[in-house]
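Trainee: everything below, folded, please.
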Amino acid sequence: MKRVFVLIASLIFFSVFIQNTNSELQYTVKEFAGDADQTVSLIFAGDIMGHSPQFQAAYHPIDKTYHYDICFRHVKTHIESADFAIANLEVTLAGAPYSGYPNFSSPDALLDGMKNAGYDVILTANNHIVDRGKKGLERTNTIINNRQLKQAGSYLNIAQRDSIYPLFIEQKGVKIALLNCTYGTNGIAVSEPNMVNMLDTVQIKEDICKAKSRDADLIFMTVHWGAEYMTKANDEQRKLAHFFVRQGVNLVIGSHPHVVQNAEILYNIDSIAVPVFYSLGNSISNQRKPDTDGGIMVKVEIGTQSKQILETSYLPVYVHKGVLDNVYQYHLIPTTDFVNDPSRFMLNKTDSAALMYFDNETRKRLNNIKIF
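Mentor: Presented below is the predicted three-dimensional model:
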C-alpha cells in the first residue's frame, strides 16, 4: 500500500487540493502523519455479468463443472490487497437451467470465482435481482450466505433487512456503513415477503439516520442508476448524488450503465470532499461494443486516525474474450499491465487495439484521477 508519511513536530494535519472542472474529478489528498497511523483500503468493482457465452466458456465437459478462477487471475493481487473488496453481482444464482440476458441465472461457480479472487462483499440491489422471481432472489442470498460472504441490497423479508442493513464493515477501528439500492427491477414485481432496496429517498434518509445512530464513521452509497451506455452522468444522477451528500454520505459508487462514466467531487455541509464515481462500467461481461468491454476498479484509502478518505484512485480493466494462458475464457486484464509489457499477454492486433481504445477513452473520462 503506497503512502506518504511526513512527520512535522507532533502535528497531524491534512492537505487537500480540490478543483472541479467540466464535471471531472481533480482530487488529491495527502496525509501528513506520524508512523503510527495506518490506512484501511477498499476496492470497488463494477458489474459482474453472466451472459450465456460466459458460462459456456466456463464449462468443463470432462467433469461437467464450471470454473471461473482464471477470469480473475490477473486482477487477483489487486483485489486481495484491499481490506474489503466489493462488487455488484448483476445476475441471480437461481440454479439450472442457466440463462443469460434477459433473465440471468449463472452457475454458483461464478460466486466461487469471485470469492477465490478476494471479494468480500456482494451487492445485489440491481435491475436483474428478480429475473428468476422469488426463488432466484432467495437462492442467490442463500448461496452468498453459504459462501460466508457479506451481502447488501436484497433480503428474504423485512426482519432480515432490519437485522443486517445497513451493512457494517469494520477494520482497524474504522466503522463503515455500506448502503446499496437500485432504480428498479425491470418491471418485475418483488414477491412478498422479499425486499429489494429501491431508490426511495424517504427510506434512504431513514437508512442514513440508522447508520449514524449506530456510530458509523463513514457512510458509503453504492447505487444502481443512470442511462445505459451513456458515458456521462445525467441530471437525475447528479441530483441524487447531491441528495446523498446532503444527507451525510461520504462516497458514492455507481453501476448499471455498463460503461465507465465521469466522476466528480462534491462537498458536504462540513466542506469535506465527497468523491462521486457515477459508473464503474462492466467488471466482466460478454458485451463487446466500444466502452462496454471493460470497467474500472476504484481504490479508496481511509486514515485510521482521521477516519476520513485520504485518497481515491482507479485501475482500468479490459475484458479480453479469447485465449490467454492457453485457455479460452473472459480474462480481466489491467490495462496498465498490458501497456507496461504487451508481450506478457500476446494479444492479436484487433484485441490490442480494442484494449488500448478502452484504456485511452477511460483515461480521458477520468483524466484528473490517479491510477493505482
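
Trainee: C-alpha coordinates for stretch 261-280, PDB please?
Mentor: Presented in PDB, the C-alpha positions along stretch 261-280 are these (Å, rounded to 0.1, in the frame of the first residue of the first chain):
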ATOM      1  CA  GLN A 261     -18.900   7.400 -16.600                       C
ATOM      2  CA  ASN A 262     -17.300  10.600 -15.400                       C
ATOM      3  CA  ALA A 263     -16.600  11.300 -11.800                       C
ATOM      4  CA  GLU A 264     -16.700  14.500  -9.700                       C
ATOM      5  CA  ILE A 265     -16.200  15.900  -6.300                       C
ATOM      6  CA  LEU A 266     -19.000  17.300  -4.100                       C
ATOM      7  CA  TYR A 267     -18.900  18.900  -0.700                       C
ATOM      8  CA  ASN A 268     -20.800  18.100   2.400                       C
ATOM      9  CA  ILE A 269     -22.100  20.600   5.000                       C
ATOM     10  CA  ASP A 270     -18.700  20.500   6.700                       C
ATOM     11  CA  SER A 271     -16.900  21.400   3.400                       C
ATOM     12  CA  ILE A 272     -15.300  17.900   3.300                       C
ATOM     13  CA  ALA A 273     -14.800  16.400  -0.200                       C
ATOM     14  CA  VAL A 274     -17.100  13.600  -1.200                       C
ATOM     15  CA  PRO A 275     -15.900  11.600  -4.300                       C
ATOM     16  CA  VAL A 276     -18.700  10.500  -6.700                       C
ATOM     17  CA  PHE A 277     -18.000   7.800  -9.300                       C
ATOM     18  CA  TYR A 278     -21.100   7.700 -11.400                       C
ATOM     19  CA  SER A 279     -20.500   4.300 -13.000                       C
ATOM     20  CA  LEU A 280     -17.600   1.800 -12.900                       C
END
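
Trainee: tell me who's in contact with His224.
Mentor: Listed by C-beta atoms under 8 Å, 6 or more residues apart in numbering, the contact set of His224 reads Asn88, Ala125, Asn126, Asn127, Cys181, Thr182, Tyr183, Gly254, Ser255, His256. C-betas here are computed from N, CA, C, even on glycine.

Trainee: nearest to Tyr229 among the residues you listed?
Mentor: Taking C-beta to C-beta as the measure, Tyr229 lies nearest His256 of those, at 10.4 Å.

Trainee: residues near that closest one, how many?
Mentor: Neighbour count of His256, defined by other C-beta atoms under 10 Å: 26.

Trainee: excluding its backbone neighbours, what's nearest it?
Mentor: His224 (4.6 Å; C-beta to C-beta, 6 or more residues apart in numbering).

Trainee: phi and psi next, for that neighbour.
Mentor: In terms of degrees, to the nearest 10, the main-chain angles of His224 are phi -100, psi 110.

Trainee: which parts of the chain are helices?
Mentor: Per DSSP state H, the chain has helices spanning 52-58, 76-80, 108-117, 133-146, 158-164, 201-213, 235-247, 335-340, 349-365. These are given in chain order.

Trainee: got the contact list for the first one?
Mentor: The reference is to helix 52-58. 66-68, 71, 98-101, 106-107, 109-110, 284-286, 321, 328-330.

Trainee: any of those buried? List them.
Mentor: Buried subset of the contacts of helix 52-58 (neighbour count, 16 or more other C-beta atoms under 10 Å): 66-68, 71, 98-100, 106-107, 109-110, 284-286, 321, 329-330.
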